[in-house]
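**Student:** quick one: sequence plus predicted model below, questions after.
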Amino acid sequence: MVARSIKDGISWVGAIDWDRRLFDALVPTPKGTTYNSYLVQGSNKTALIDTVDEMGEAELITNLMTETVDTIDYIVVSHAEQDHSGCLPLMMELYPGAKVLATPKAKELVVEFFGIDEERVQVVEDGEEVDLGGKTLRFIHAPWVHWPDTMFTHVPEDRIIFTTDFLGSHLAASDLYINDPERLYESAKRYYAEIMMPFAGSIPAYLDKIESLDVEIIAPSHGPLYNNPDLIVGYYRQWATGEPKNTAVIAYVSMHGSTKKMVDILSNALMAEGVDIERFDLSVSDTGLLAMSLVEAKTIIIATPTVLFGAHPLAVYGAYLAAAIKPKAKYATVIGSFGWGGKTVKQISDMIAPLKCEIIDPVYIKGHPTEKDFTALKQLAKTIATKHAE
Ligand code: FEO
């Protein structure tokens, strides 16, 4: 990829990671990702907004050469995480006159992570401006989307805002902008679910702030840019603040078929009651798809057998992830089968307690399910449907 012009004096100079399939050894990225770095050239000074992951070092350097950049005066660190600051030490070596501009927390982190000389890091306050000559960098502190160190950079003359991870997507694409809502939706929602949903409480105020600036372009640090800001802002409002839908997500694992049989019975009963379901076999599922389904689900059902004295490890993983990403579900329950005992229901219920869902009475049975268990599962489906209708 070569550098691409966004506005007169503003270019994309980042890297595309077509082949990345896992982020943080945790988050699936089936469509790769990009590390967006932006060059802003005023009449007097030049700034680089973020660097890239170390894998994109050669691409970043090539892009800067394409733009014939002799000097960089400022390197804006919007966020210290390695996928954006991995090439910061190299850039500081290549441009020895460059100063880093960062929030106080980002300063602390780049010093700790990369051994950056503190003398070369200039802290910028919320609302502070740096004049490049005909282009102003106006900084907006934006903690907790998704780290405490983050900030946005607004260039009012060009009606563009650089939002770091916020509003991004893990989508390696040749498009500079996303113009196809269908193509955008899945990648952006997956990204929201995995990265931003735990911070949903902070999101509306940031959306308000961005809308108040009347920008023309939103430039995040992953995925394509948006030249129709209303699209992604609208999606985020729906995901962060919209009412959950009439959907139950069933995350299950079964060893010898008893729990799966219960999942089948419950699935059919929920559908008969008019509740939409999404099912994920935790032994084979993409956890990103599970996270996406949780964005708007009203009920979470964890289905697991008992292994030794507790839940199956995959169910523990599923419950842990659900609790960590903090969906807005209102109800949860546990179903499954055990052989000789254990504390599975309590274990899973305790794990998802931080979600503050109402825990509906579980159906947890001994051995293979029989007619009376089917009846209990059908009653559970009725209870869920009734609660969804309230
Ligand atoms: Fe894309 Fe939080 O780094």
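**Tutor:** Cool, the structure landed. Residues are numbered from 1 along each chain as shown.
**Student:** which bits of the chain sit near the ligand?
**Tutor:** Where proximity means Cβ under 6 Å from any ligand atom, the interface of the chain facing the ligand comprises 79, 81, 83-84, 146, 165, 221-222. Every residue, glycine included, has its C-beta placed from N, CA and C.
**Student:** in helices only, show me the residues you listed.
**Tutor:** Applying DSSP state H to the residues of the chain next to the ligand, the entries found in helices are 83-84.
**Student:** now, which of the residues of the chain next to the ligand sits nearest the ligand?
**Tutor:** E81 (3.6 Å; Cβ to the nearest ligand atom).
**Student:** contact partners for the closest one?
**Tutor:** Residues near E81 by Cβ atoms under 8 Å, 6 or more residues apart in numbering: 147, 165.
**Student:** quick one: the helices in the stretch 51-200 of the chain, in order.
**Tutor:** 57-66, 82-85, 88-94, 104-114, 181-191 (DSSP state H, counting those that start in this stretch).
**Student:** tell me which of the ones you listed is the most buried.
**Tutor:** Ranked by mean neighbour count under mean count of other Cβ atoms under 10 Å, these are led by helix 82-85, which reaches a mean of 23.
**Student:** list of residues touching that helix?
**Tutor:** 23, 35, 37, 50-54, 77-79, 110, 113-114, 164, 221-222.
**Student:** ditto for stretch 380-390
**Tutor:** In this structure, residues lying in contact with stretch 380-390 by Cβ under 8 Å, 6+ apart are 246, 248, 266, 269-270, 272-275, 298-299, 330-331, 333, 335, 358, 360-361, 363.
**Student:** from those residues, which land in strands?
**Tutor:** Among these, the members found in strands (DSSP state E) are 248, 299, 331, 333, 335, 358, 363.
**Student:** give me the beta-bridge partners of the second one?
**Tutor:** Going back to what we said before, that points to T299. Beta bridges link T299 to A248, Y331, judged by DSSP bridges.
**Student:** list the contacts of it.
**Tutor:** Residues counted as contacts of T299 (Cβ under 8 Å, 6+ apart) are 247-249, 275, 329-333, 360, 384, 387-388.
**Student:** coming back round to it: filter the contacts of helix 82-85 to the buried ones?
**Tutor:** Restricting these to buried positions leaves 23, 35, 37, 50-54, 77-79, 110, 114, 164, 221-222, with burial counted as 16 or more other Cβ atoms under 10 Å.
**Student:** if I look at V100, how far off is M92?
**Tutor:** 7 Å (Cβ to Cβ, to the nearest Å).
**Student:** same deal with P305?
**Tutor:** From P305 over to M92 the distance is 54 Å, taken as Cβ to Cβ.
**Student:** got a pLDDT number for the residue nearest the centre of the chain?
**Tutor:** With the centre of the chain defined as its mean C-alpha position, the nearest residue by Cα atoms, centre = their mean is I195, 2.2 Å away. In the prediction, the pLDDT value recorded for I195 is 95.
**Student:** can you give me the strands in the stretch 201-350 of the chain?
**Tutor:** Listed in chain order, the strands of the stretch 201-350 of the chain (DSSP state E, counting those that start in this stretch) span 217-219, 247-252, 276-281, 299-303, 306-307, 310-311, 331-338.
**Student:** tell me which of these is the most buried.
**Tutor:** By mean neighbour count, with neighbours taken as mean count of other Cβ under 10 Å, strand 299-303 ranks first of the strands of the stretch 201-350 of the chain at a mean of 28.
**Student:** tell me the mean pLDDT for that strand?
**Tutor:** The pLDDT scores in strand 299-303 average 98.
**Student:** and it with strand 331-338, angle?
**Tutor:** Relative orientation of strand 299-303 with respect to strand 331-338: 10 degrees, computed using axes from the mean of the first three to the mean of the last three Cα atoms, to 10 degrees.
**Student:** show me where the protein dips below the pLDDT cut-off.
**Tutor:** Judged by pLDDT under 70, the chain has its weakly predicted residues at 1.
**Student:** can you check which helix is longest in it?
**Tutor:** Ordering each helix of the chain by length in residues (DSSP H) puts helix 371-389 first.
**Student:** nearest residue to S37 in space, please, no chain neighbours.
**Tutor:** Setting aside the residues directly before and after it, S37 is nearest to G14 in space (Cβ to Cβ, 6 or more residues apart in numbering), at 4.1 Å.
**Student:** tell me who's in contact with that neighbour.
**Tutor:** For G14, the residues meeting the contact criterion (Cβ under 8 Å, 6+ apart) are 1, 34-38, 50, 52, 56, 59-60, 63.
**Student:** swap in 7 Å and give it another go.
**Tutor:** By Cβ atoms under 7 Å, 6 or more residues apart in numbering, the contact set of G14 is 34-37, 52, 56, 60.
**Student:** kindly report the same for A332.
**Tutor:** Contact partners of A332, counting by Cβ under 7 Å, 6+ apart, are 299-300, 352, 355, 357, 359.
**Student:** how close does it get to the ligand?
**Tutor:** Noted for A332: a distance of 28 Å to the ligand, by Cβ to the nearest ligand atom, to the nearest Å.
**Student:** equivalent analysis for M91, please.
**Tutor:** Taken as Cβ to the nearest ligand atom, the spacing of M91 relative to the ligand amounts to 17 Å.
**Student:** let me see the contact set for that residue.
**Tutor:** 48, 51, 75, 98.
**Student:** just S37 next, same as before
**Tutor:** Listed by Cβ under 7 Å, 6+ apart, the contact partners of S37 are 13-14, 48-52, 60.
**Student:** repeat the analysis, applying 6 Å as the threshold.
**Tutor:** 13-14, 50-52, 60 (Cβ atoms under 6 Å, 6 or more residues apart in numbering).
**Student:** okay, the contacts of M91 in CSV with distance to E118 next?
**Tutor:** Listed next are these as CSV, based on distance: Cβ to Cβ, whole Å:
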residue, distance to E118
L48, 19
T51, 18
I75, 15
A98, 15
